[in-house]
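1. Have a look at this fold, sequence not included:
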Ligand code: 5RP
């Protein structure tokens with residue numbers, strides 16, 4: 001199976017956790033795009049969705065799935081999203097698609113975060129994938145210098161503006177042994193909007209697709 005087929009398999013596998021009449025939190029990325037396709041097949045059985053990006057919203061709209069603003073919703077049953085890396089403790093690196101801030105907000109609101117990945121995303125130690133950080137544009141140089149101080153190599157993601165009007169810095173080679181501590185350290189740098197480490201609040205369940213099928217970790 002190709003990686004794309006594995007993404008499709010796990011995207012559709014998440015449909016099983018969507019409950020009748022609920023509002024579903026929806027992430028961003030190529031794996032989540034398959035979950036959105038799957039949601040389209042049950043659109044008359046759910047109340048609607050809250051979306052984490054303009055890209056996902058456009059796809060959801062094209063399928064006729066009702067969209068809600070997060071502020072107009074009392075609660076979210078589940079949040080379904082991909083990841084760039086996930087470890088055995090369900091901590092993740094996210095933000096490859098630059099949607100990390102809205103993803104983290106919706107994940108915080110939802111009762112259950114279901115992470116959908118193919119097995120290539122499963123790692124022992126987070127950090128091979130460069131860590132995405134959303135930054136206020138005027139703080140770019142300052143945040144970069146602080147990331148160097150922490151042992152990372154910051155690279156400005158050229159030509160990318162987030163849905164919130166900010167920039168992305170990708171931190172390479174950052175030692176992420178204590179992911180909760182690193183998340184807190186980077187979050188505390190003035191100018192950082194969100195760091196793409198989802199460690200303090202990781203996934204509640206992971207669906208991981210491989211040639212052997214879809215494995216569930218919870
Ligand atoms: C977007 C994300 C995505 O979930 C992550 O980048 C994985 O994407 P894909 O499913 O395309 O591999 O965090 O900000």
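-> That came in fine, so what should we check first? Computed from a prediction, not measured in an experiment: that's the story for all the values here.
2. C-alpha from now on. contacts and neighbour counts both.
-> Noted.
3. quick one: residue 99 and residue 162 touch, right?
-> Yes - if you go by C-alpha atoms under 8 Å, residue 99 and residue 162 touch, sitting 6.9 Å apart.
4. neighbour count winner among the two?
-> Using other C-alpha atoms under 10 Å as the criterion, residue 99 and residue 162 rank with residue 99 on top: 25 against 17.
5. Pull the contacting residues for the more buried one.
-> By C-alpha atoms under 8 Å, 6 or more residues apart in numbering, the contact set of residue 99 is 28, 52-53, 162-163.
6. Same question for residue 189.
-> Counted by C-alpha under 8 Å, 6+ apart, residue 189 has contacts 143, 146.
7. And it, which helix or strand is it part of?
-> Using DSSP states H and E, residue 189 sits within no helix or strand.
8. Distance-wise, check it relative to the ligand.
-> Shown here: residue 189 relative to the ligand, a distance of 21 Å by C-alpha to the nearest ligand atom, to the nearest Å.
9. Residue 29 against residue 82, yeah?
-> Yes - using C-alpha under 8 Å, residue 29 is in contact with residue 82, at 6.8 Å.
10. When those two are compared, which one has more neighbours?
-> residue 82 (31 against 20).
11. Would you agree that one is in contact with residue 34?
-> No - taking contacts as C-alpha under 8 Å, residue 82 lies outside contact range of residue 34: 10.5 Å.
12. Format the contacts of residue 99 as CSV; extra columns: distance to residue 147 and pLDDT.
-> Rendered in CSV, the data for the contacts of residue 99 read as follows (distance: C-alpha to C-alpha, whole Å; pLDDT from 0 to 100):
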residue, distance to residue 147, pLDDT
28, 26, 98
52, 26, 98
53, 26, 98
162, 20, 98
163, 23, 98
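13. What strands line up against the longest strand along the chain, and which way round?
-> Taking DSSP state E as the criterion, the chain has its longest strand at strand 110-118. Strand 110-118 pairs in its sheet with strand 76-81 (parallel), strand 205-210 (parallel), by DSSP bridges.
14. export those strands to JSON lines and tack on distance to the ligand, mean neighbour count and mean pLDDT?
-> Formatted as JSON lines, the strands paired with strand 110-118 follow (distance: least, C-alpha to the nearest ligand atom, whole Å; neighbours: other C-alpha atoms under 10 Å; pLDDT from 0 to 100):
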{"stretch": "strand 76-81", "distance to the ligand": "5", "mean neighbour count": "24", "mean pLDDT": "97"}
{"stretch": "strand 205-210", "distance to the ligand": "12", "mean neighbour count": "22", "mean pLDDT": "98"}
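15. is it possible to export the ones you listed to a markdown table including distance to residue 69?
-> Conversion of those to a markdown table gives the following (distance: least, C-alpha to C-alpha, whole Å):
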| stretch | distance to residue 69 |
| --- | --- |
| strand 76-81 | 12 |
| strand 205-210 | 25 |
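16. distance of the residue minimising distance to the centre of the chain from the ligand?
-> In the chain, the centroid-proximal residue (C-alpha atoms, centre = their mean) is residue 94; its distance is 4.7 Å. From residue 94 across to the ligand, the span is 4 Å (C-alpha to the nearest ligand atom).
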